[in-house]
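Chemist: What would the 3D arrangement of this be:
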Amino acid sequence: MLTIVFATLLALTAASYIIGRRRAYAVVGGAPENLHSRPVYHGAFVAAWVGIPAFFLVLVWLALQGPVVDVLLVQSLPAEKTSGLDPAQIDLLVSEIKSVAAGNIFGQPDAIVRAAAQQYKSWQGIAQWAMFACALAAAMTGLALTRRRISAAFCARHSVERVMNIIMISCSLVAILTTLGIVISLMVEALRFFDRVSPAAFFFGLNWEPQIPIREDQGTASGAFGAIPVFTGTLLIAGIALLAAVPTGLYSAVYLTEYANPRVRAVIKPILEVLAGIPTVVYGFFAVLTVAPAMRSFGETIGMDIAPNSALAAGAVMGIMIIPFISSFSDDAINAVPKSMREGSYGLGATKAETIKNVLLPAALPGIMGGVLLAASRAIGETMIVVMAAGLIARLTANPFEAVTTVTVQIVTLLIGDTEFDNPKTLAAFALGLVLFVVTLILNVFALRIVQKYREKYE
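Modeler: Numbers count the residues shown, from 1 in each chain. Down below sits the predicted model:
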């Protein structure tokens with residue numbers, strides 16, 4: 001039904017655009033030069049006021065339909081069916097009724113549940129048809145009202161621009177509110193965690209074994225939530241990845257922009273960018289099936305003990321994954337340097353290598369830093385490669401040949417299963433997420449300071 005609603009609204013919006021244009025031509029007798037705005041703006045004005053209110057109404061309806069139908073469903077149940085049930089049990093009963101209504105029947109539901117499922121399906125159908133009727137009425141009302149406003153003196157362009165401004169402001173507000181929601185949710189759950197676990201034990205503890213405590217006083221008794229090993233593993237793997245990716249990506253960008261002929265560039269650049277489209281789970285398979293065994297065999301050959309799941313294997317494969325980010329950003333930044341700066345350097349007698357080192361790279365540093373920052377964020381937030389190639393055990397070590405874990409892996413591990421959000425084990429994931437968010441923010445600020453410093457020098 002929802003597909004029909006959106007398809008109908010799209011068709012009405014397209015038809016209203018055509019109607020608005022034709023109306024604009026009609027009011028001036030086919031002479032568009034007599035219009036204040038071009039006919040395309042009149043069509044866009046009518047289409048905007050036909051489509052946008054109707055789509056907004058559908059979205060609001062969908063947001064409210066579920067809760068309203070659930071309340072009606074609970075109120076329609078007999079009192080003996082819901083008496084003595086807490087909210088969680090009532091939610092479970094409603095879920096059972098919805099499953100029966102969807103045809104997913106497990107066991108033998110009683111007659112009350114089957115009757116409620118039929119009533120639920122009936123209300124869902126009524127609500128969907130009512131939504132369709134209201135959206136259609138809103139669209140037709142908008143068409144009727146806006147079509148009347150079209151005249152030779154009507155400022156359709158200004159109206160369309162105001163609508164576009166409202167849309168862009170709304171999108172910006174959605175992005176801001178989403179960010180605030182993420183930060184607030186992390187902070188609230190992290191504070192709940194720190195009510196149960198000492199912040200000192202979390203930030204300075206050296207033992208990470210997040211288990212559900214058996215007794216209430218067992219949360220921090222053994223320092224099981226010391227996050228130092230997790231942070232160390234994250235930095236170790238991300239550092240290895242950046243050490244592998246930054247020189248390779250930067251040098252490849254310099255070669256492609258300054259040394260390679262167009263034919264070579266046309267072949268190598270797409271190959272590099274293909275790496276960015278490979279799923280991370282494929283990189284994980286490559287790391288665990290190819291890179292890690294090869295490193296272990298090489299270590300045995302030279303008498304060095306390398307773990308089957310090592311930070312070096314995970315970091316090396318992660319470095320291959322983020323090479324396209326650094327290479328692409330560096331390539332664009334170097335190409336954006338004005339040609340006059342190159343020619344001025346050559347005119348002063350500098351060689352190509354000296355021009356690259358002293359002119360191009362400093363001038364392109366803001367773009368290069370953007371690529372490195374994006375690559376670092378991708379490395380810090382990567383999960384699949386670390387799960388498959390590095391391991392799950394938190395170990396405090398700086399040895400790249402040993403197995404370590406990262407913040408993202410621990411967040412995934414802690415939130416797997418049916419654990420409720422009322423114990424330190426589950427809430428620890430939000431504390432880790434908050435720390436990761438703060439660290440990323442600090443890195444962003446630091447990178448912006450570097451960019452501003454060099455912009456003042458070269459602009």
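
Chemist: residues near residue 85, how many?
Modeler: 14 (other CB atoms under 10 Å). Just so you know, the C-beta spots here come from the backbone N, C-alpha and C atoms, and that holds for glycine as well.

Chemist: Assign a three-state SS to it, would you?
Modeler: coil (DSSP: H, G, I helix; E, B strand; the rest coil).

Chemist: ok, now which ones touch it?
Modeler: Listed by CB atoms under 8 Å, 6 or more residues apart in numbering, the contact partners of residue 85 are residue 93.

Chemist: List the backbone torsions phi and psi for it.
Modeler: phi -90, psi 140 (degrees, to the nearest 10).

Chemist: I'd like the distance between it and residue 77.
Modeler: 10 Å (CB to CB, to the nearest Å).

Chemist: which neighbours do the two share?
Modeler: With CB under 8 Å, 6+ apart, residue 85 and residue 77 have common neighbours residue 93.

Chemist: Could you tell me which ranges of the protein sit under the pLDDT cut-off?
Modeler: Residues of the chain that meet the criterion pLDDT under 70 lie in 105-107, 211-223, 417-421, 450-459.

Chemist: for the protein, which helix is longest?
Modeler: The longest helix of the chain (DSSP state H) is helix 156-196.

Chemist: right, and the helix or strand after that one?
Modeler: helix 199-204 (DSSP states H and E).

Chemist: How far does that following helix sit from its chain's centre?
Modeler: 29 Å (CA atoms, centre = their mean, to the nearest Å).

Chemist: Can you give me the neighbour number for residue 278?
Modeler: Count around residue 278 with other CB under 10 Å applied: 13.

Chemist: Now do the same contact list for the nearest residue to it once chain neighbours are set aside.
Modeler: Distances taken as CB to CB, 6 or more residues apart in numbering place residue 321 nearest to residue 278, at 7.4 Å, with adjacent residues excluded. Neighbouring residues of residue 321 by CB under 8 Å, 6+ apart: 241, 275, 276, 278, 280, 283, 378, 382, 385.

Chemist: I'd like the distance between the second one and residue 295.
Modeler: Residue 275 sits 20 Å away from residue 295, going by CB to CB.

Chemist: sorry, back to before: my hunch is that the residue nearest to residue 278 is in a helix, does that hold up?
Modeler: Yes - Residue 321: assigned to a helix according to three-state DSSP.

Chemist: who wins for neighbours among the contacts of residue 321?
Modeler: residue 385 (30 neighbours).

Chemist: Assign that one to helix, strand or coil.
Modeler: Residue 385 is classified as helix under three-state DSSP.

Chemist: Three-state assignment for the nearest residue to it once chain neighbours are set aside, please.
Modeler: Leaving aside its sequence neighbours, residue 385 sits nearest to residue 284 (CB to CB, 6+ apart; 4.8 Å). Here residue 284 is recorded as helix under three-state DSSP.

Chemist: so how far is residue 278 from residue 284?
Modeler: Distance from residue 284 to residue 278, by CB to CB: 11 Å.

Chemist: that older thread, wait, isn't the residue nearest to residue 385 in contact with residue 390?
Modeler: No - under the criterion of CB atoms under 8 Å, residue 284 makes no contact with residue 390, lying 9.9 Å away.

Chemist: which of the two has more neighbours?
Modeler: residue 390 (31 against 23).
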